[in-house]
Every structure is written in structure tokens, then in C-alpha cells.
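Undergrad: based on what follows, work out the 3D shape:
(one chain, ligands or ions: 1)
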Amino acid sequence: MAEDILRLLIRAGHIHPEAKIRREDEHILIPVTGKPGPDELAVLPGADENITVIETEFEPKRKKPSLEKILGFSPNFDVIGDIAMIDADDPDATHIAKALMEYRKNINVVLGTVSPVEGEFRTRQWVVLAGEHRTRTMHKEHGCRYNVDLADAYFSARLGTERKRVVDMVNPGEYVVDLFAGVGPFSILIGKSVPGASVVAVDKNPGAVKLMRENIHLNRLDNVTAVEDDARHAAGNLEHSADHVIMNLPQSAREFLDCGILVAKSGGVVHFYDITHEDDLYGTSWELILEAAARMGRTVECVGNRIVRSYAPYQYNVCIEFRVIEY
Ligand code: SAM
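TA: Numbering: from 1, shown residues only. Below you'll find the predicted structure:
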């Protein structure tokens, strides 16, 4: 009952913002800014028998200090599920890790990156700087849940907005092939949010596919199929089938352009990710796309070019979207 009353008092603007609510025996003492009038009290549930207005002292609320205040600077960190990630080489890494554990309630592990994203499976090496010794967590994004193990498979929360943008381009009933699906964040969001859509999600990393299968189950989907395979091999079985092909392997998707074009049906859209220099954001990528289309005996038209995020000094992660058309 106290919760209902509290909510109504908040809505009416009566709660004192700096005083702390407290409990005394079976009573809850709610600090108000002034004495509510009889009319105001009358609208509260069970006002007569449950509410008494008294004068009493309250403790002030303790304000949580900000990380910036505690550390004296603004730390760089990312969060996936209940894991925070910082650069292990940062000279202040130990302080930052301690402050994150102490002042961020939702953080239970702080990992330090000891390698860049590397290798075919785009994973990185970590060291536990604070908290529980694990690299596995559950991350929530756009209403979907993902089991993620940062040591086994790629995942970046920074791509959340980009994933939503692409998913919003998929129409009900469409067929999507995600050639570099990781733990499934594009595929699962499509499976969950686009009515009648079906998705084939390919990844070569057995660790990523194992997590993706868990995630399909976790999100109760029967329209997303995880396939452990090389994108080149998988493409051969999916020729001219997809309304959308997602190629989210920016470091080397150029080498797979033929596959993406092969998998798209006539009129299908390829979402191609690349890493480019600021002086040549889209030009070289487009030349490669046109060459690949010519090799595959098809033609393409531009749907859109965009910067997704900055990647390194002068370098950007870009997305180029093109429609594949039969001659
Ligand atoms: N799309 C996912 C996401 O948003 O989290 C994962 C992207 S990650 C940058 C690229 C993925 O491509 C990795 O999971 C990696 O294992 C996979 N990969 C790399 N080479 C591959 C290949 N030849 N065939 C299939 N998957 C591949």
C-alpha cells in the first residue's frame, strides 16, 4: 500500500527530494514538502485508516558521487551485461576498476583488454581486473536477451543503434541471410521483431554459434536458423534467395563481396560493412562492389552510404547498402 501512496504523492509533486524514506515498526514514513490538504488525501487509497500526517525529522538522502568526482577524471569504459571493459594498459586501470565495482551497482566484473579485436573470429584477450572471474554475461538489447562470452565470440554493444536501423529496413515476411552473425544480434532482433520474417544466420566460429543457438532458445524463436559454416561455403547453398544479406565483418567483408551478391535475390539488398579512410569513405568500396557484381553477372544500385562509427584515427566503420538486380 505504501508503494501506491508513494506513487500518487510523487505524481502530485509532494515528495521531499532530499529526505530519505524510512520504516518505523509497521509504518512507512514518507517525507513530504508540505501538509497535503484533505482533498488531496481523499484521493489516496484507504486514506482514512492508513495515512497519518505527522511532524518528524528525516535523514538527508546520501547522494551517490559520480565516477568523475571519485576519480578526478572521466574514465573510458564499455559495458556488456554486468561486465565493464577498460584498457588494461591504462595507467589508472586498477583505480577505474575499483571505482566501477564500488559505485556502479550493475557491474560485477571488470575486464581489461590485453589485445585488439583479432583473428578470423574477431575475439580479444582479457584479464580480470576486479570482481568475479568470468567473461560470460547476459546482455539485453532492444528487448532481446543475449548470452555473450567475450573470450569466445565477438560482441559490441556499440552497434546496437546500427542493428536497429538495419532491422527496421526488413519488411514482414522477408527472408534474411546474416553471413557473419556472431552470437546473433542482427538475426535474433529480426526474428523477434519482424512478423513472418525468417533468418539464416551463419558463423564460422563454433563458440559464437553455440551462444547463438542458446540465444535463439532464450528468445523463444523458431524462425532463426544458426549455421556453423564458412560464409563462402554457406553462400553456395543459399544462391539468389535473400531479400537482405547482412555482411558485418568490416575488416574483411571485401573478400566476400561475391558471396553476398550471390546470396541476394533479384531486388535483394546487401548491407555491406567496411573500414575506410576519411579521404576515401566510399569510393574504393564502391569500385570493389561494382567489380564483384560484374564478376557475378549482376548489376547493383546504391541504396545508401553511411558512417557507422569512428574506428581509428582517420578511419571509419561504414555501411554501404546496395540492391542487386539481374541483367
Ligand atoms: N554480426 C555480429 C555482431 O554484430 O555482433 C558479429 C560480427 S563480428 C565483427 C564478425 C563475425 O564473423 C565473427 O563472429 C566471426 O567469427 C565471423 N566470421 C569470420 N570469418 C568468417 C567466415 N569466413 N565465415 C563465416 N563467419 C565468419
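Undergrad: residues of this protein that sit close to the ligand?
TA: 120-122, 153-155, 159, 180-182, 185-186, 202-205, 208, 230-231, 248-249 (Cβ under 6 Å from any ligand atom). (Glycine included, C-beta is placed from N, CA and C.)
Undergrad: among those residues, name the buried ones.
TA: Neighbour-count burial (16 or more other Cβ atoms under 10 Å) applied to those gives 121-122, 153-155, 159, 180-182, 185-186, 202-205, 208, 231, 248-249.
Undergrad: next, count neighbours for His277.
TA: Neighbours of His277 under the rule other Cβ atoms under 10 Å: 12.
Undergrad: wait, doesn't it sit right on Pro313?
TA: No - counting by Cβ atoms under 8 Å, His277 stays clear of Pro313, with 10.2 Å between them.
Undergrad: and the strands in the stretch 151-300 of the chain, which stretches?
TA: Counting by DSSP state E, counting those that start in this stretch, one finds strands in the stretch 151-300 of the chain at the ranges 175-178, 198-203, 224-228, 242-247, 264-277, 298-312.
Undergrad: list the contacts of the second one.
TA: Residues lying outside strand 198-203 but in contact with it, judged by Cβ atoms under 8 Å, 6 or more residues apart in numbering, are 175-182, 184, 186-187, 190-191, 209, 212, 223-229, 231, 234, 238.
Undergrad: can you list the strands that it pairs with?
TA: When pairing is defined by DSSP bridges, strand 198-203 lines up against strand 175-178 (parallel), strand 224-228 (parallel).
Undergrad: as TSV, the ones you listed with mean pLDDT, mean neighbour count and distance to Pro75 would be great.
TA: Shown next, in TSV, are the strands paired with strand 198-203 (pLDDT from 0 to 100; neighbours: other Cβ atoms under 10 Å; distance: least, Cβ to Cβ, whole Å):
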stretch	mean pLDDT	mean neighbour count	distance to Pro75
strand 175-178	98	26	34
strand 224-228	98	20	36
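Undergrad: ok so, going back, same list (the strands of the stretch 151-300 of the chain) but as CSV, adding distance to Leu29.
TA: Below are the strands of the stretch 151-300 of the chain laid out as CSV (distance: least, Cβ to Cβ, whole Å):
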stretch, distance to Leu29
strand 175-178, 55
strand 198-203, 54
strand 224-228, 51
strand 242-247, 55
strand 264-277, 56
strand 298-312, 49
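Undergrad: relative to His133, which of these is closest?
TA: strand 198-203 (26.4 Å; Cβ to Cβ).
Undergrad: and the angle for the closest one with strand 242-247?
TA: With axes from the mean of the first three to the mean of the last three Cα atoms, to 10 degrees as the basis, strand 198-203 and strand 242-247 are set at 20 degrees to each other.
Undergrad: export strand 198-203 as CSV, just CAs?
TA: Extracted in CSV, the C-alpha atoms of strand 198-203 (Å, rounded to 0.1, in the frame of the first residue of the first chain):
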residue,chain,number,x,y,z
SER,A,198,12.9,-15.9,-41.4
VAL,A,199,16.6,-15.8,-41.0
VAL,A,200,19.6,-18.0,-41.7
ALA,A,201,22.5,-16.9,-39.5
VAL,A,202,26.0,-18.2,-40.5
ASP,A,203,29.2,-18.0,-38.5
